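J.: sequence and computational prediction follow.
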Amino acid sequence: MIEEPYRWVEAIANRREYVETQLSSGSPIAALSFRDGILFLTLGRNRQKIFEIYDRIAMGAIGHPGDIERLRMAAIELASTEGFTRSAADVSLRRLAHYSLSPVMKNAFEQVYGAPFLARLVFGEIGPTPDEDLFLRVEYDGAIATNGSGGAPVRQHFAVLSATTASNELMETFLRDSYKIDMELREAVRAALDAWSVGHLGGTRSNGEKQLPDRDAIAKHRDEQLATAGIEAAVLERNASSAIRYRALTDEEARSLLA
(Lines give C-alpha, C1' and ligand atoms only; values in the text may rest on other atoms or scores of the structure.)
Protein backbone atom coordinates (compact mmCIF):
# COMPACT_ATOMS: atom_id res chain seq x y z
CA MET A 1 0.00 0.00 0.00
CA ILE A 2 2.80 2.42 0.89
CA GLU A 3 4.49 1.82 -2.44
CA GLU A 4 1.44 2.61 -4.57
CA PRO A 5 1.63 6.46 -4.44
CA TYR A 6 5.34 6.28 -5.22
CA ARG A 7 4.72 3.98 -8.15
CA TRP A 8 2.14 6.42 -9.53
CA VAL A 9 4.47 9.42 -9.15
CA GLU A 10 7.29 7.49 -10.80
CA ALA A 11 4.98 6.45 -13.65
CA ILE A 12 3.90 10.09 -14.16
CA ALA A 13 7.54 11.22 -14.26
CA ASN A 14 8.36 8.56 -16.85
CA ARG A 15 5.26 9.55 -18.80
CA ARG A 16 6.27 13.21 -18.80
CA GLU A 17 9.75 12.34 -20.05
CA TYR A 18 8.25 10.22 -22.82
CA VAL A 19 5.86 12.96 -23.99
CA GLU A 20 8.60 15.61 -23.91
CA THR A 21 10.80 13.37 -26.06
CA GLN A 22 8.00 12.84 -28.57
CA LEU A 23 7.39 16.60 -28.83
CA SER A 24 11.06 17.61 -28.98
CA SER A 25 11.16 17.95 -32.77
CA GLY A 26 8.05 20.12 -33.12
CA SER A 27 8.28 23.34 -35.15
CA PRO A 28 7.68 26.43 -32.93
CA ILE A 29 4.64 28.67 -33.38
CA ALA A 30 4.43 32.40 -32.67
CA ALA A 31 1.11 34.17 -32.16
CA LEU A 32 1.02 37.92 -31.59
CA SER A 33 -1.31 40.88 -31.66
CA PHE A 34 -0.83 43.61 -34.21
CA ARG A 35 -2.81 46.71 -35.07
CA ASP A 36 -5.40 44.99 -37.24
CA GLY A 37 -5.61 41.53 -35.69
CA ILE A 38 -3.75 38.48 -34.41
CA LEU A 39 -1.08 36.68 -36.43
CA PHE A 40 -0.24 32.97 -36.13
CA LEU A 41 2.96 31.87 -37.88
CA THR A 42 5.24 28.86 -38.18
CA LEU A 43 7.52 27.22 -40.74
CA GLY A 44 7.11 23.68 -42.02
CA ARG A 45 7.26 21.34 -44.95
CA ASN A 46 4.09 19.26 -44.89
CA ARG A 47 1.77 19.03 -41.85
CA GLN A 48 -0.69 21.78 -41.04
CA LYS A 49 -0.22 23.32 -37.60
CA ILE A 50 -2.55 26.36 -37.61
CA PHE A 51 -6.33 25.97 -37.62
CA GLU A 52 -9.59 27.90 -37.40
CA ILE A 53 -11.74 26.91 -34.41
CA TYR A 54 -14.63 29.39 -34.38
CA ASP A 55 -15.53 32.92 -35.50
CA ARG A 56 -13.01 34.75 -33.30
CA ILE A 57 -10.76 31.84 -32.23
CA ALA A 58 -7.76 30.17 -33.88
CA MET A 59 -5.42 27.42 -32.72
CA GLY A 60 -1.82 26.39 -33.31
CA ALA A 61 -0.49 22.98 -32.30
CA ILE A 62 2.62 20.82 -32.26
CA GLY A 63 2.59 17.08 -31.70
CA HIS A 64 1.12 13.93 -33.20
CA PRO A 65 -1.26 14.72 -36.11
CA GLY A 66 -3.87 12.24 -34.87
CA ASP A 67 -3.98 13.72 -31.37
CA ILE A 68 -4.04 17.27 -32.74
CA GLU A 69 -7.00 16.38 -34.94
CA ARG A 70 -8.92 14.80 -32.05
CA LEU A 71 -8.40 17.89 -29.89
CA ARG A 72 -9.22 20.25 -32.76
CA MET A 73 -12.49 18.45 -33.46
CA ALA A 74 -13.38 18.46 -29.75
CA ALA A 75 -12.80 22.24 -29.61
CA ILE A 76 -14.85 22.85 -32.76
CA GLU A 77 -17.70 20.65 -31.54
CA LEU A 78 -17.92 22.41 -28.18
CA ALA A 79 -17.72 25.87 -29.73
CA SER A 80 -20.32 25.03 -32.38
CA THR A 81 -22.69 23.51 -29.81
CA GLU A 82 -22.43 26.52 -27.52
CA GLY A 83 -22.84 28.91 -30.43
CA PHE A 84 -25.97 27.05 -31.59
CA THR A 85 -27.65 26.62 -28.21
CA ARG A 86 -26.82 30.11 -26.93
CA SER A 87 -25.22 32.57 -29.37
CA ALA A 88 -21.95 33.03 -31.25
CA ALA A 89 -21.05 35.89 -28.89
CA ASP A 90 -21.22 33.47 -25.95
CA VAL A 91 -18.48 31.21 -27.34
CA SER A 92 -15.51 31.92 -25.09
CA LEU A 93 -11.93 30.70 -25.34
CA ARG A 94 -11.68 30.55 -21.54
CA ARG A 95 -14.70 28.22 -21.31
CA LEU A 96 -13.42 26.16 -24.20
CA ALA A 97 -10.08 25.55 -22.51
CA HIS A 98 -11.01 25.39 -18.83
CA TYR A 99 -14.18 23.30 -19.10
CA SER A 100 -13.37 21.04 -22.03
CA LEU A 101 -9.82 20.67 -23.31
CA SER A 102 -7.85 21.00 -20.08
CA PRO A 103 -9.81 18.36 -18.09
CA VAL A 104 -9.69 15.91 -21.00
CA MET A 105 -5.93 16.30 -21.47
CA LYS A 106 -5.23 16.15 -17.72
CA ASN A 107 -7.29 12.98 -17.32
CA ALA A 108 -5.58 11.29 -20.28
CA PHE A 109 -2.14 12.20 -18.93
CA GLU A 110 -2.80 10.89 -15.42
CA GLN A 111 -4.39 7.59 -16.48
CA VAL A 112 -1.08 5.75 -16.65
CA TYR A 113 -2.53 2.67 -18.37
CA GLY A 114 -3.89 4.70 -21.28
CA ALA A 115 -2.29 6.81 -23.99
CA PRO A 116 -1.68 10.53 -23.27
CA PHE A 117 -2.24 13.26 -25.83
CA LEU A 118 1.02 14.01 -27.64
CA ALA A 119 0.19 17.65 -28.27
CA ARG A 120 0.75 21.20 -27.11
CA LEU A 121 -1.85 23.83 -28.07
CA VAL A 122 -1.89 27.61 -28.29
CA PHE A 123 -5.07 29.64 -28.88
CA GLY A 124 -5.85 33.22 -29.74
CA GLU A 125 -9.17 35.05 -29.38
CA ILE A 126 -9.51 38.39 -31.16
CA GLY A 127 -10.81 41.38 -29.22
CA PRO A 128 -11.94 44.89 -30.21
CA THR A 129 -8.43 46.20 -29.43
CA PRO A 130 -4.99 44.56 -29.02
CA ASP A 131 -5.28 45.07 -25.26
CA GLU A 132 -8.37 42.83 -25.26
CA ASP A 133 -6.87 39.99 -27.30
CA LEU A 134 -6.63 36.75 -25.34
CA PHE A 135 -3.88 34.16 -25.72
CA LEU A 136 -3.98 30.82 -23.98
CA ARG A 137 -1.65 27.80 -24.01
CA VAL A 138 -2.71 24.27 -23.02
CA GLU A 139 -0.01 21.71 -22.25
CA TYR A 140 -0.26 17.95 -22.76
CA ASP A 141 -0.95 17.50 -19.02
CA GLY A 142 -3.83 20.00 -19.04
CA ALA A 143 -1.89 22.91 -17.53
CA ILE A 144 -3.10 26.30 -18.79
CA ALA A 145 -1.15 29.54 -19.18
CA THR A 146 -2.72 32.82 -20.36
CA ASN A 147 -1.31 36.17 -21.37
CA GLY A 148 -2.94 38.26 -18.68
CA SER A 149 -4.48 36.33 -15.81
CA GLY A 150 -3.28 34.73 -12.63
CA GLY A 151 -1.85 37.93 -11.18
CA ALA A 152 0.69 38.44 -13.98
CA PRO A 153 2.38 41.85 -13.48
CA VAL A 154 2.44 42.65 -17.21
CA ARG A 155 -0.03 41.55 -19.85
CA GLN A 156 1.73 40.00 -22.81
CA HIS A 157 0.26 40.65 -26.24
CA PHE A 158 1.70 37.46 -27.70
CA ALA A 159 2.01 33.74 -27.05
CA VAL A 160 4.51 31.16 -28.22
CA LEU A 161 4.60 27.39 -28.48
CA SER A 162 7.82 25.43 -28.74
CA ALA A 163 9.19 21.93 -28.43
CA THR A 164 10.83 22.49 -25.03
CA THR A 165 10.30 24.70 -22.01
CA ALA A 166 13.75 26.27 -22.49
CA SER A 167 13.13 27.30 -26.10
CA ASN A 168 9.64 28.51 -25.14
CA GLU A 169 11.15 30.85 -22.54
CA LEU A 170 13.73 32.13 -25.00
CA MET A 171 11.04 32.99 -27.55
CA GLU A 172 9.11 34.92 -24.89
CA THR A 173 12.27 36.75 -23.81
CA PHE A 174 12.99 37.73 -27.40
CA LEU A 175 9.46 39.05 -27.99
CA ARG A 176 9.40 40.97 -24.72
CA ASP A 177 12.47 42.89 -25.98
CA SER A 178 11.39 43.42 -29.60
CA TYR A 179 7.58 43.37 -29.72
CA LYS A 180 5.51 46.56 -30.27
CA ILE A 181 1.76 46.54 -29.77
CA ASP A 182 0.98 48.90 -32.68
CA MET A 183 2.82 46.88 -35.36
CA GLU A 184 1.43 46.51 -38.85
CA LEU A 185 1.12 43.06 -40.40
CA ARG A 186 4.44 43.40 -42.23
CA GLU A 187 6.30 44.07 -38.97
CA ALA A 188 4.38 41.33 -37.18
CA VAL A 189 5.38 38.72 -39.78
CA ARG A 190 9.06 39.61 -39.41
CA ALA A 191 8.88 39.59 -35.59
CA ALA A 192 7.10 36.22 -35.61
CA LEU A 193 9.68 34.75 -37.99
CA ASP A 194 12.54 35.95 -35.80
CA ALA A 195 10.82 34.51 -32.71
CA TRP A 196 10.36 31.22 -34.59
CA SER A 197 14.09 31.20 -35.38
CA VAL A 198 14.93 31.71 -31.71
CA GLY A 199 12.75 28.76 -30.73
CA HIS A 200 14.09 26.57 -33.52
CA LEU A 201 17.72 27.34 -32.67
CA GLY A 202 17.12 26.50 -29.01
CA GLY A 203 19.92 28.72 -27.71
CA THR A 204 21.05 26.38 -24.93
CA ARG A 205 24.72 26.04 -24.01
CA SER A 206 26.41 22.71 -23.33
CA ASN A 207 26.10 23.30 -19.58
CA GLY A 208 22.31 23.64 -19.89
CA GLU A 209 22.22 27.42 -19.40
CA LYS A 210 19.70 29.23 -21.62
CA GLN A 211 21.22 31.79 -23.97
CA LEU A 212 19.39 34.05 -26.42
CA PRO A 213 21.05 33.90 -29.86
CA ASP A 214 22.43 37.19 -31.19
CA ARG A 215 20.62 39.09 -33.96
CA ASP A 216 23.02 37.99 -36.70
CA ALA A 217 22.57 34.31 -35.81
CA ILE A 218 18.78 34.74 -35.76
CA ALA A 219 18.72 36.40 -39.19
CA LYS A 220 21.09 33.83 -40.69
CA HIS A 221 19.03 30.90 -39.37
CA ARG A 222 15.78 32.52 -40.52
CA ASP A 223 17.04 32.99 -44.08
CA GLU A 224 18.44 29.45 -44.24
CA GLN A 225 15.14 27.94 -43.13
CA LEU A 226 13.08 30.14 -45.46
CA ALA A 227 15.07 28.73 -48.36
CA THR A 228 13.85 25.18 -47.70
CA ALA A 229 10.58 25.45 -45.70
CA GLY A 230 7.22 27.03 -46.38
CA ILE A 231 5.57 29.73 -44.26
CA GLU A 232 2.28 28.71 -42.68
CA ALA A 233 0.42 31.74 -41.37
CA ALA A 234 -3.08 32.97 -40.62
CA VAL A 235 -4.65 36.09 -39.18
CA LEU A 236 -7.72 36.82 -37.10
CA GLU A 237 -8.88 40.13 -38.58
CA ARG A 238 -9.97 42.72 -36.05
CA ASN A 239 -12.22 44.79 -38.29
CA ALA A 240 -13.58 42.14 -40.64
CA SER A 241 -17.03 42.84 -42.08
CA SER A 242 -18.17 39.22 -41.52
CA ALA A 243 -18.50 37.29 -38.27
CA ILE A 244 -15.71 34.92 -39.31
CA ARG A 245 -12.38 36.64 -38.67
CA TYR A 246 -9.98 33.84 -39.70
CA ARG A 247 -7.99 34.23 -42.90
CA ALA A 248 -5.14 31.97 -43.98
CA LEU A 249 -2.12 33.59 -45.65
CA THR A 250 -0.48 31.84 -48.56
CA ASP A 251 3.27 31.30 -48.54
CA GLU A 252 3.60 33.84 -51.36
CA GLU A 253 1.59 36.47 -49.49
CA ALA A 254 3.62 36.00 -46.31
CA ARG A 255 6.91 36.21 -48.21
CA SER A 256 5.80 39.35 -50.03
CA LEU A 257 5.43 41.05 -46.65
CA LEU A 258 9.14 40.45 -46.00
CA ALA A 259 10.23 42.41 -49.09
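T.: Great, that's in hand.

J.: run through who's touching stretch 190-205.
T.: Stretch 190-205 has contacts (Cβ atoms under 8 Å, 6 or more residues apart in numbering) with 27-32, 39, 41-43, 158, 160, 162-164, 166-168, 170-171, 174-175, 178-179, 183, 210-213, 217-219, 221-222, 225-226, 231, 233, 257-258. In short, each C-beta sits where N, CA and C put it, glycine included.

J.: mark which of these are buried, thanks.
T.: Using 16 or more other Cβ atoms under 10 Å as the burial test, the contacts of stretch 190-205 include 27-32, 39, 41-43, 158, 160, 162-164, 166-168, 170-171, 174-175, 179, 183, 212-213, 218, 221-222, 225-226, 231, 233, 257 as buried.

J.: just the residues you listed: which are in helices?
T.: Among the buried ones among the contacts of stretch 190-205, the residues falling in helices (DSSP state H) are 166-168, 170-171, 174-175, 218, 221-222, 225-226.

J.: would CSV of these with distance to Ala97 and pLDDT be doable?
T.: Output for these, formatted as CSV (distance: Cβ to Cβ, whole Å; pLDDT from 0 to 100):
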residue, distance to Ala97, pLDDT
Ala166, 24, 90
Ser167, 23, 92
Asn168, 18, 92
Leu170, 24, 94
Met171, 21, 95
Phe174, 25, 95
Leu175, 22, 95
Ile218, 31, 94
His221, 32, 95
Arg222, 31, 95
Gln225, 30, 95
Leu226, 32, 95
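
J.: wait, which of the residues you listed is closest to Val19?
T.: Taking Cβ to Cβ as the measure, Val19 sits nearest to Asn168 out of these, at 14.7 Å.

J.: point out where the stretch 1-150 of the chain drops to low pLDDT.
T.: Scanning the stretch 1-150 of the chain for pLDDT under 70 picks out the ranges 1-6, 148-150.

J.: from Met171, how far off is the residue nearest to Glu20 when sequence neighbours are not counted?
T.: Leaving out its chain neighbours, the residue that sits closest to Glu20 by Cβ to Cβ, 6 or more residues apart in numbering is Thr164, at 7.2 Å. Distance of Thr164 to Met171, given as Cβ to Cβ, to the nearest Å: 11 Å.

J.: for Arg7, same thing?
T.: 36 Å.

J.: check contacts around the closest residue to Met183 other than its chain neighbours.
T.: Nearest non-adjacent residue to Met183, counting by Cβ to Cβ, 6+ apart: Phe34, 4.5 Å away. Each residue near Phe34 by Cβ under 8 Å, 6+ apart is listed here: 130, 182-185, 187-188.

J.: out of these, which is nearest to Ala61?
T.: Nearest member of the contacts of Phe34 to Ala61, counting by Cβ to Cβ, is Ala188, at 20.3 Å.
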